[in-house]
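**Student:** the sequence and its predicted three-dimensional model are supplied below.
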Amino acid sequence: MKNLQTKKVAVLVTDGFEEAELIEPTKALREAGASVEIVSQKREPIQAFQHHRPSIKIDVDKTFDQVSPDDYDAVLLPGGALNADGIRTDSNAQRFVQRMNEERKPMAVICHAPWLLVSAGLAKGRTLTSWPTIVDDLRNAGAQWVDREVVVDDNLVTSRGPKDIPAFNKAFESLLLM
């Protein structure tokens with residue numbers, strides 16, 4: 001990624017996120033000059049996973065009730081089944097992505113993270129991809145699911161999982177530069 005010095009990205013995440021799906025995109029964003037803030041339900045460090053195994057903990061910059069979509073240019077939603085299942089019912093997270101979508105701000109969503117789009121009512125009519133185990137949830141919510149490493153639908157970029165991160169990062173960069 002390059003030339004993102006004026007961009008500010010919120011990473012909405014909670015315990016149980018897939019480590020690579022947060023670490024690799026945020027590293028690329030920061031190396032390109034973007035400001036990235038980790039936003040969660042609580043202020044304490046949150047637990048990463050590598051598949052089913054707990055790994056590192058990362059610090060949280062702000063909580064959901066301390067942020068406004070007006071303060072950000074884009075949002076990143078890392079996956080991980082536990083994270084995605086925990087965040088999808090959080091009304092603050094739902095409102096955040098709804099506002100970002102209303103303003104057509106870029107949203108990068110990977111793996112299980114599209115569950116938040118389903119719960120926020122944002123999947124209907126969208127073409128996207130995800131981790132294969134949530135295909136039925138997305139289709140039942142009215143999305144058109146496709147099996148590709150990355151899918152861009154207007155302001156939304158989705159990807160299947162960790163192996164697709166390079167393509168995911170590149171597509172997110174393109175949206176941020178538009």
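**Tutor:** Arrived safely. Numbers count the residues shown, from 1 in each chain.

**Student:** C-alpha from now on. contacts and neighbour counts both.
**Tutor:** Will do.

**Student:** which residue lies nearest the spatial centre of the chain?
**Tutor:** Centroid-nearest residue in the chain: Leu77, 1.3 Å away (criterion: C-alpha atoms, centre = their mean).

**Student:** list the contacts for that one?
**Tutor:** Leu77 makes contacts with 11-13, 107-110, 113, as judged by C-alpha atoms under 8 Å, 6 or more residues apart in numbering.

**Student:** hmm, which two among those residues are most spread apart?
**Tutor:** Pairwise distances across those (C-alpha to C-alpha) peak at 13.5 Å, for the pair Val13 and Met107.

**Student:** the two: which is more packed in?
**Tutor:** Set Val13 next to Met107 and count neighbours by other C-alpha atoms under 10 Å: Val13 wins out with 30 against 26.

**Student:** quick one: contacts for the residue nearest to that one when sequence neighbours are not counted?
**Tutor:** Spatial nearest neighbour of Val13, chain neighbours left out: Ser40 (5.3 Å); criterion: C-alpha to C-alpha, 6 or more residues apart in numbering. Residues in contact with Ser40 (C-alpha under 8 Å, 6+ apart) are 12-14, 60, 62-64.
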